[in-house]
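# no FASTA, just this:
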Ligand code: CDP
């Protein structure tokens with residue numbers, strides 16, 4: 001049973017009617033911000049997240065410049081109105097941590113060596129949050145980087161799994177995240193079959209951990225297909241203005 005004895009699973013179904021291995025509904029739009037070099041907007045369940053990419057461009061402060069490669073920075077921001085209790089505006093420890101791990105995950109696929117001394121800025125703005133926002137942010141950011149035409153080895157799809165009322169389930173929503181026993185978000189590089197982000201909040205046995213990881217990787221692979229589909233249809237929709 002979950003914390004506070006809340007019944008999160010009834011008759012084999014979750015609170016929103018999903019099966020244990022179902023993702024929430026996901027919609028990915030490409031090229032939504034006019035002033036960004038690349039952008040993407042992702043709705044994932046009740047999450048609404050915008051990602052914008054600026055650069056490659058001159059990097060300031062100068063001491064960050066690296067003559068061998070570009071420096072990729074990421075800023076993850078949870079808007080004050082995105083959560084139930086208003087969030088104090090500005091960075092906090094959580095957003096600094098998510099920004100750092102997201103930048104590291106994205107840096108592992110972007111061909112930074114093509115832009116020595118330059119800076120690439122990735123902004124992830126969470127407009128509405130309902131758990132899993134770091135996964136949604138990374139999913140949106142890697143599509144935005146591809147939309148910017150920045151050479152990449154692959155996309156970085158992400159998804160969480162976890163433990164709710166004793167069951168290992170995919171893609172936790174807010175109630176499950178708050179009241180469940182464990183949340184395990186991860187991000188992958190599908191072509192290399194590598195995990196580039198793995199975090200865990202809660203407790204799992206070794207077998208449960210393996211099962212949750214497998215489920216989250218399968219979920220991320222489904223997200224990967226949706227990312228590619230969104231990028232392909234954005235290319236097909238390009239009209240050359242006369
Ligand atoms: O969003 P994610 O699951 O990646 O991160 P989390 O720290 O596990 O947060 C889970 C959820 O808690 C968020 O998606 C928000 O819905 C909520 N939250 C909140 O209400 N207020 C905050 N200051 C931070 C998170």
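Here it is on my side, so go on. Treat the numbers as computed from the prediction; the structure is a model and nothing was measured.
# for the ligand, see how far away residue 75 is.
Between residue 75 and the ligand the distance is 15 Å, computed by CB to the nearest ligand atom, to the nearest Å. No exception for glycine: its C-beta is placed from N, CA and C like everyone else's.
# count of neighbours near that residue?
When neighbours are counted by other CB atoms under 10 Å, residue 75 registers 17.
# SS state for it?
Put simply, residue 75 is strand when judged by DSSP: H, G, I helix; E, B strand; the rest coil.
# beta partners for it?
For residue 75, the residues forming beta bridges with it (DSSP bridges) are residue 123.
# go ahead and confirm it touches residue 102.
No: taking contacts as CB atoms under 8 Å, residue 75 lies outside contact range of residue 102: 9.1 Å.
# spit out the residues that contact the two alike.
Residues touching both residue 75 and residue 102 (CB atoms under 8 Å, 6 or more residues apart in numbering) are 122, 124.
# for stretch 26-33, which outside residues touch it?
So stretch 26-33 is contacted by 38-45, 50, 52, 139-140, 143, 147, 223, 226-227, 229-231, 233-234 (CB under 8 Å, 6+ apart).
# among these, which are in helices?
Counting by DSSP state H, the part of these found in helices is 139-140, 143, 147, 223, 226-227, 229-231, 233-234.
# would you map the strands across the protein?
9-10, 13-14, 26-30, 38-44, 47-58, 71-78, 118-128, 158-164, 167-170, 182-189, 194-198, 201-202 (DSSP state E).
# and the ones you listed, which is most packed in?
The highest mean neighbour count among the strands of the chain, using mean count of other CB atoms under 10 Å, belongs to strand 158-164: a mean of 28.
# that one versus strand 26-30: what angle between them?
If you take axes from the mean of the first three to the mean of the last three CA atoms, to 10 degrees, strand 158-164 sits at 160 degrees to strand 26-30.
# now strand 158-164: mean pLDDT?
Strand 158-164 shows a mean pLDDT of 98.
# stretch 33-43 now?
Across stretch 33-43, the average pLDDT comes to 98.
# what does the helix-or-strand element of the chain with minimal mean pLDDT contact?
Within the chain, no helix or strand scores below strand 9-10, which has a mean of 93 by mean pLDDT, DSSP states H and E. When contacts are defined by CB under 8 Å, 6+ apart, strand 9-10 is touched by residues 164-165, 167.
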